[in-house]
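1. Sequence first, then the predicted structure:
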Amino acid sequence: MRPLLAFTGSRGDAQPGILLARALRERGHYVTLALAPNLVSFAHDHGIAAVPFGCDTADLLVAQRTDRRFTSHDPRARLRALFDLQRRGVPEQLHDLRALAPGHDLVVAGMAGEEVAESVARAHGLPFAAVHFFPIQPNTAVPVAPVRWADRLPGFVHRWGWSVLARARAAALAPVLPAGAPPARAATASSVAPAEGRATARIQAYDPRLFPGVRQQMPGPFTGFLTDVDGFLAGATRSAGHEPALTSTGTGDLKSWLAAGTAPIYVGFGSMDVGDPVTFVAMVREVCARRGRRLLLASGWASIAAGFEETVAIVGQVDHARVLPRCVAAVHHGGAGTTAAALRAGVPQVICSVQADQPYWGQALQRLGLAATIPAKKLTAERLDALLDQVSRPDVIGRAASWAAGFTTDGVERAADAVEALLGSPDAPELLHSAGRQL
C-alpha cells in the first residue's frame, strides 16, 4: 500500500499524522507524509521523513492574530475575515498535493485541509479517509454553540446548525477549490460512502463517551484518540534502549525538578497565542504562588524563556504521558491532543479555549464534571484561581481518575486498521465496521 498522508495545521494537527505514518510504515507500507513546511523538521527530528505542502501554519496564526477585522464591531467584516482565513493557503495546498498524488493508491488527511485532500483524491480516482479529531459532521448530540445554554436546545437545532456551518465552510472554499469538489463534512449516514466508485471514510479519532449519543449518529469507525503512547514525540530522535526525555527543550532536568517538590500545576497552550508573554507568565506565577503550588509551564510556540527555579519550571514541550500524571491540574487551551493526554493522566483540567474546536472540548468536559472552562481572552488571575478551586474538589478529582481507568490507548493502531481496510476491498464497509477492535 502506498498511502499519501496530508496533515496541515498546528503541531497538534500534525502529531496524529506523524504517529499514523509511523504505524503504517511499521506495517510495511510505503507512506508519504506531507506536513506544513514549518513542521517538516519536527517529523524529521523524530526519524519520520516528511515533505512540505501548503503554507507555513505559524504564519497563518500570526495573520489571524493581526487581522483587525476579527475584532471589528461590524459582523460583515468579521465574516469576511473568517472566509478569507478559511481560503488562505488552499491554492498552495492544492498545487503541492496534485504534484504528490501520482503513484499513491490512497489519500488520508486531517480535519485541516480535508476538502483540499479529498478533491485531489477525487481527481485521481483514489480512496479517501479523513481523520476527525472532533465530531464536526451534522448531528443532534453535540451542541452547535459551545455555551452552556445550548444544552437546552432541541437536537434538531444542533443538526441544522452544524449543517449551516458545513455549508458556510463550503461557500468559503468554493472560489479556491475545483468545481464539483465534494462537501467533505456533510455525510452522516454510514461509515463508507461510495464516490464515483471510490471508497471514502471519516475516521472518528476521539472518545465517543465524551459526547453521549454521537456514536449512534456519526459515521465511523470510532478509534479513540490517536495518542502518543510511548512518548515517541516527546524529544528528539533517540537511540535504541534510551528512555525519552521528559522535556524536549529547556535547560536543567525536569525529572529532578518534579521529584524535588510537591506536585505542580501544569500550564501549556501549545501553538496558541497567549498575548503578552511577560503578563501571562506573571499571572500564572501569581495564581500558583497564591495557592501554594509549584508551576510547570510549557511555553510551546510562545516566546517565553526556559529555566528552572525552586517553585517554577519553564520548558518548551513536555511528554504529557509521563508528566501530567505527576501534576494536580492541567491548565491548557483545549486542543484535542492535550485534552486527551490530560484525560489519560486522570488529572482535572481548566480549559482556556482560543479557537476552533477548543471551546467545544471545554464545554463537553465541563458537562461531564471533568473540567472547568473559560475563553482564554477572559482569563484573569482571579478567574483562574476560582476555576482551579472548582476542579480541585474531591468529586472532580474522583471522576477524572475514573475516566483515566477506562481510557483506551490503541487509537493509532485502530486508525491504521481502518486505513488498511479501506483500500481495494469490495467489503470495505464491513471491514471498516470491524477495524480496530470496536471501541
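-> Yes, it's here.

2. Model confidence at Gly113, what's the number?
-> As predicted, Gly113 sits at a pLDDT of 89.

3. Name the nearest residue to it, sequence neighbours excluded.
-> Spatial nearest neighbour of Gly113, excluding adjacent residues (Cβ to Cβ, 6 or more residues apart in numbering): Thr8 at 4.3 Å. To be clear about C-beta, it is placed using only N, CA and C from the backbone, and glycine gets the same treatment.

4. swap in Cys327?
-> Of all residues not flanking Cys327 in the chain, Tyr266 sits nearest, at 4.3 Å (Cβ to Cβ, 6+ apart).

5. which outside residues touch the one helix or strand Val350 maps to?
-> Element membership for Val350 (DSSP states H and E) is strand 349-353. By Cβ atoms under 8 Å, 6 or more residues apart in numbering, the list of residues contacting strand 349-353 from outside reads 146, 269, 329-334, 339, 342, 358-359, 361-362, 365-366, 370-376, 379, 384, 387-388, 391, 400.

6. Could you report the distance from the residue nearest to the spatial centre of the chain to Gly411?
-> By Cα atoms, centre = their mean, the chain has its centre lying nearest to Ala336, at 3.8 Å. Noted for Ala336: a distance of 11 Å to Gly411, by Cβ to Cβ, to the nearest Å.

7. Check Val281 too.
-> Val281 sits 33 Å away from Gly411, going by Cβ to Cβ.

8. Which one's more surrounded, those two?
-> A count of neighbours by other Cβ atoms under 10 Å puts Gly411 above the other of Val281 and Gly411, at 26 against 20.

9. Surely that one and Ala205 touch.
-> Yes: using Cβ atoms under 8 Å, Gly411 makes contact with Ala205 at a distance of 6.2 Å.

10. In the chain, where's the longest helix?
-> Looking across the chain with DSSP state H, the single longest helix is helix 155-173.

11. Can you tell me which helices and strands the first helix or strand past that helix going along the chain packs against?
-> On the C-terminal side of helix 155-173, the closest following helix or strand by DSSP H and E is strand 200-204. Judged by 3 or more Cβ pairs under 8 Å, 6 or more residues apart in numbering; DSSP states H and E, the packing partners of strand 200-204 are strand 128-132, helix 411-422.

12. confidence score at the residue nearest to Gly335 when sequence neighbours are not counted?
-> By the measure of Cβ to Cβ, 6+ apart, the closest residue to Gly335 outside its immediate chain neighbours is Gly12, 4.3 Å from it. Listed pLDDT for Gly12 reads 85.

13. can you confirm Gly12 is in a helix?
-> Yes: Gly12 sits within a helix when classified using DSSP: H, G, I helix; E, B strand; the rest coil.

14. That one and Ala342, how far apart?
-> From Gly12 across to Ala342, the span is 13 Å (Cβ to Cβ).

15. okay, the two: which has more neighbours?
-> Remark: of Gly12 and Ala342, Ala342 carries more neighbours, 31 against 22, as counted by other Cβ under 10 Å.

16. Could you pull up the residues touching the more buried one?
-> Ala342 makes contacts with His320, Leu324, Ala330, His332, Gln349, as judged by Cβ under 8 Å, 6+ apart.

17. export those residues to TSV and tack on distance to Leu296?
-> Listed next are the contacts of Ala342 as TSV, based on distance: Cβ to Cβ, whole Å:
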residue	distance to Leu296
His320	11
Leu324	10
Ala330	10
His332	12
Gln349	14
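
18. Quick one: the residues you listed as CSV, columns for pLDDT, neighbour count and secondary structure too.
-> Formatted as CSV, the contacts of Ala342 follow (pLDDT from 0 to 100; neighbours: other Cβ atoms under 10 Å; DSSP: H, G, I helix; E, B strand; the rest coil):
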residue, pLDDT, neighbour count, secondary structure
His320, 86, 27, helix
Leu324, 93, 25, helix
Ala330, 95, 27, strand
His332, 92, 31, strand
Gln349, 97, 30, strand
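
19. Pick the one among those closest to Val214.
-> Val214 lies nearest to Gln349 out of the contacts of Ala342, by Cβ to Cβ, at 20.2 Å.

20. May I have the beta-bridge partners of that closest one?
-> Ala330, Ala371 (DSSP bridges).

21. Could I get the CA-only coordinates of the strand holding Val350 as PDB?
-> Taking C-alpha atoms only, strand 349-353 is exported to PDB below (Å, rounded to 0.1, in the frame of the first residue of the first chain):
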ATOM      1  CA  GLN A 349      -8.500  20.300  33.700                       C
ATOM      2  CA  VAL A 350      -9.100  24.000  33.300                       C
ATOM      3  CA  ILE A 351      -9.600  24.600  29.500                       C
ATOM      4  CA  CYS A 352      -9.000  28.200  28.400                       C
ATOM      5  CA  SER A 353     -10.200  27.900  24.800                       C
END
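
22. Quick check: chain neighbours aside, which residue is closest to Arg326?
-> Using Cβ to Cβ, 6+ apart and skipping residues adjacent in sequence, the residue nearest Arg326 is Leu258, 5.4 Å away.

23. Also Thr338?
-> That would be His332: by Cβ to Cβ, 6+ apart, it lies 4.7 Å from Thr338.

24. re the thing from before, and the residue nearest to Gly335, what is it in contact with?
-> Contacts of Gly12 (Cβ under 8 Å, 6+ apart): Gly270, Ser271, Gly335, Ala336, Gly337, Thr338.

25. Out of these, show me where the pLDDT dips lowest.
-> Checked by pLDDT, the contacts of Gly12 have Ser271 as the lowest-scoring entry (65).

26. returning to that earlier point: okay, and the common contacts of Ala336 and Gly411?
-> Residues touching both Ala336 and Gly411 by Cβ under 8 Å, 6+ apart: Phe225.

27. mind showing which ranges of the stretch 201-350 of the chain have poor pLDDT?
-> For the stretch 201-350 of the chain, the stretches with pLDDT under 70 are 235-252, 271-274, 301-303.

28. what ranges do the strands span in it?
-> Secondary structure of the stretch 201-350 of the chain, counting by DSSP state E, counting those that start in this stretch: strands at 265-268, 295-298, 307-308, 312-315, 329-332, 349-353.

29. Parallel or antiparallel, list what pairs with the third one.
-> The partner list of strand 307-308 in its sheet, established with DSSP bridges, is strand 312-315 (antiparallel).
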